[in-house]
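# next come a sequence and a model predicted from it.
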Amino acid sequence: MTIVTKRVFAALWLLLATLMGGAATAQSTVWVQIEAQPTLAEAEARARAYSAAFPNTAGFRMRSGWYAIALGPYAASDGNRELAALKRERLIPSDSFIAFPNQFRQQFWPVGANTLNDPAPAAQPEASAEPATELESAAEAVVEATPEPEPVIPDETPAEARRSERALSRDERAELQVALQWEGFYLGAIDAAFGPGTRRSMAEYQSAKGYEPTGVLTTAQRRELVEGYRAEFAALGMAPLADSRAGIEMTAPLGLVAFDHIEPPFVHYAPANDRGVRLLLISQTGDQTTLFGLYDIMQTLTIVPQEGERSRSERSFVLTGQNDDLHSYTYARLDGGAVKGFTLTWKPADAKIMNAVVKEMRESFTPTASILPDSAGSGAQEQRIDLLAGLEIRSPEMSRSGFYVDGSGAVLTTTEVLGQCGRVTLDESYEADIAARDDTLGLALLTPRQPLAPQAHARFAPSTPRLKSEVAVAGYSYEEVLGLPTVTFGTLADLRGLGGEAGMQRLELSTLPGDAGGPVLDQSGAVLGMLLARSQDGSRQLPDNVQFAIDVPSIADFLTTAGLDATPSSAATALAPEDLTTLAEGMTVLVSCWE
């Protein structure tokens with residue numbers, strides 16, 4: 001090649017570099033791009049293959065959405081020479097070319113690496129035509145074998161810190177903002193502009209570390225901040241995840257989770273270590289109704305604690321949850337006839353770093369064509385009524401029975417169910433407040449937070465019931481396991497307790513703990529009393545068919561004190577058993593106590 005040709009070539013190269021994002025002389029490093037693949041899985045396979053021959057193989061996602069495989073980085077002055085040598089020896093494809101760092105985005109290979117902005121090796125001089133002497137070769141070997149000492153970075157004055165700061169690239173400035181954000185000092189946008197907000201966060205960081213709060217980080221302080229941030233994320237194993245079963249690609253903490261099993265619509269990733277992080281990928285065919293249904297269902301699971309923000313739009317939703325044992329984040333959206341998303345759960349001690357992780361997961365979340373079929377998975381997982389697709393459904397601490405006493409949904413129940421409740425629900429759907437309680441009688445009055453229209457409510461017997469008459473108790477014998485109350489028939493044995501206690505009735509019938517708080521009815525459907533919880537006195541054991549109820553006068557006094565009237569019954573004829581059962585089911589309600 002003549003000198004003129006070389007000059008023409010150099011000029012053309014300079015023009016090309018300018019068009020691609022800046023003059024070649026302004027680029028400190030370059031890469032040799034050897035391939036581009038349309039999917040992450042294909043790109044990872046090719047990068048793995050190239051890595052066997054080239055230790056400096058790297059992979060990056062490009063702005064176009066494709067995935068580039070490149071070698072480097074090289075000093076800008078070495079790039080063309082390396083490209084030519086590799087092509088000449090036919091080690092790389094003939095259409096390989098020089099690429100600049102600003103053409104690449106997130107790195108996916110090697111897993112967990114971030115070498116995009118690493119400095120390139122120093123530019124190498126042209127090789128001499130004369131072979132090195134034996135003495136020179138030995139000296140070079142000694143130098144190469146001796147590790148370089150860790151550089152000692154002296155502290156700087158504010159003026160020196162500002163000068164060193166001006167040498168930072170845009171990506172380095174943005175990474176400082178990200179690190180400050182991760183440390184909890186910066187809340188603004190990641191714009192690489194060091195305005196008042198960034199300066200204030202730098203000063204706060206310096207104060208927290210015991211440095212002079214100048215608002216300008218020294219070289220040593222910048223290094224400490226960024227390396228601490230990188231070390232935390234390196235421990236997470238943040239890397240691209242491409243799950244072809246769910247049709248989801250995103251960056252995820254693969255150092256903390258490992259694939260476990262599939263139970264549609266979820267792909268389960270279990271904890272890989274004692275940090276206890278879990279990941280669910282959500283994938284199912286569906287529309288907006290499916291999305292909204294999933295939004296409701298997810299909130300019944302224990303992996304979504306009840307405290308936390310919830311938001312739902314026409315095409316997506318976000319659920320956050322926090323309690324003393326667990327934090328979680330769920331995101332799902334409609335995408336081409338499918339509902340796709342993810343849930344990540346972690347221990348509260350990891351809240352700071354995991355909140356940063358879910359932000360990166362959300363930003364990198366990319367649905368692909370595949371959808372998890374309903375038949376996916378082995379079907380060998382445990383099946384229980386309190387599990388949904390392998391996930392535990394939130395259940396109450398205790399459930400008992402109650403019954404409506406007016407048309408707006410006020411409920412009379414037993415104080416046994418209240419315990420140390422964080423909240424009380426009616427039929428597991430409606431939250432209620434305690435309007436009144438009498439622990440001596442064992443009575444509690446609940447009012448729903450929204451008006452209800454029950455099918456029936458109690459009408460109380462206006463006179464003393466007849467001994468040995470037939471009675472029925474309605475209640476949720478099996479608590480929340482069955483969706484309807486059961487009706488148990490028996491006999492009114494006495495109008496007092498075993499010790500002659502007034503205000504009580506003794507019944508001959510067999511009930512279960514869940515029936516406590518349910519109404520006791522005569523054959524006409526009038527309410528004779530409320531079933532009390534069995535005494536927990538371990539010194540004596542009563543027969544199973546001996547039960548007790550609080551009578552109507554005691555109930556009426558309690559309701560009057562609470563501001564309600566006990567509506568009297570005017571029924572005079574006995575009802576058929578099936579009609580009595582229908583009436584009892586309409587007025588009886590499941591009362592649940594939740595943490």
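Perfect, thanks for sending it. Everything numeric here is computed off the predicted structure, so don't read it as measured data.
# how is the chain divided into domains?
3-120, 163-236, 238-391, 395-595 (automatic domain parsing).
# of these, which is nearest Glu156?
domain 163-236 (4.3 Å; Cβ to Cβ). Placement of C-beta: from N, CA and C, glycine included.
# start and end of that closest one, how far apart?
From its first residue to its last, domain 163-236 covers 34 Å (Cα to Cα, to the nearest Å).
# just send the domains of the chain back as a markdown table, with distance to Thr157 and mean neighbour count too.
A markdown table is the format used below for the domains of the chain (distance: least, Cβ to Cβ, whole Å; neighbours: other Cβ atoms under 10 Å):
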| stretch | distance to Thr157 | mean neighbour count |
| --- | --- | --- |
| domain 3-120 | 25 | 16 |
| domain 163-236 | 9 | 16 |
| domain 238-391 | 32 | 18 |
| domain 395-595 | 56 | 18 |
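# residue nearest the centroid of this structure?
Taking Cα atoms, centre = their mean, the centroid of the chain lies closest to Tyr329, which sits 2.4 Å from it.
# on the three-state scheme, the nearest residue to it once chain neighbours are set aside is what?
Distances taken as Cβ to Cβ, 6 or more residues apart in numbering put Val358 closest to Tyr329, at 4.3 Å, once the chain neighbours are dropped. Following DSSP: H, G, I helix; E, B strand; the rest coil, Val358 is assigned to helix.
# before we move on, what about the one 4 residues further on?
With three-state DSSP as the basis, Arg362 sits in helix.
# contacts only, for it.
Tyr331 (Cβ atoms under 8 Å, 6 or more residues apart in numbering).
# what about it, distance to Glu309?
With the distance defined as Cβ to Cβ, to the nearest Å, Arg362 ends up 14 Å from Glu309.
# low-confidence regions, the protein specifically.
Applying pLDDT under 70 to the chain flags residues 1-27, 120-154, 377-390, 393-394, 483, 536-540.
# which residue ranges of it form helices?
In the chain, the helices defined using DSSP state H lie at 3-19, 40-51, 79-88, 134-145, 158-166, 170-182, 196-208, 219-236, 288-298, 351-364, 552-561, 577-587.
# can I get the ones you listed in CSV including distance to Gly517?
As requested, the helices of the chain are exported to CSV (distance: least, Cβ to Cβ, whole Å):
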stretch, distance to Gly517
helix 3-19, 79
helix 40-51, 57
helix 79-88, 80
helix 134-145, 82
helix 158-166, 70
helix 170-182, 52
helix 196-208, 55
helix 219-236, 49
helix 288-298, 28
helix 351-364, 40
helix 552-561, 12
helix 577-587, 12
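# closest to Asn545 out of those?
helix 577-587 (19.5 Å).
# for the closest one, packing partners?
Contact here means 3 or more Cβ pairs under 8 Å, 6 or more residues apart in numbering; DSSP states H and E; on that basis helix 577-587 packs against strand 470-475, strand 486-494, strand 519-521.
# for the nearest residue to Phe292 once chain neighbours are set aside, name its beta-bridge partners.
Take Phe292 and drop its neighbours on the chain: the residue closest to it by Cβ to Cβ, 6+ apart is Arg312, 7.3 Å away. In this entry, Arg312 is beta-bridged to Phe317, by DSSP bridges.
# swap in Ala432?
Under the criterion used here (DSSP bridges), Ala432 is bridged to Val424, Pro448.
# contacts only, for Phe558.
Ala436, Asp438, Leu441, Leu443, Leu445.
# any chance of a markdown table for the residues you listed, columns distance to Phe317?
Converted to a markdown table, the contacts of Phe558 look like this (distance: Cβ to Cβ, whole Å):
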| residue | distance to Phe317 |
| --- | --- |
| Ala436 | 38 |
| Asp438 | 43 |
| Leu441 | 45 |
| Leu443 | 41 |
| Leu445 | 36 |
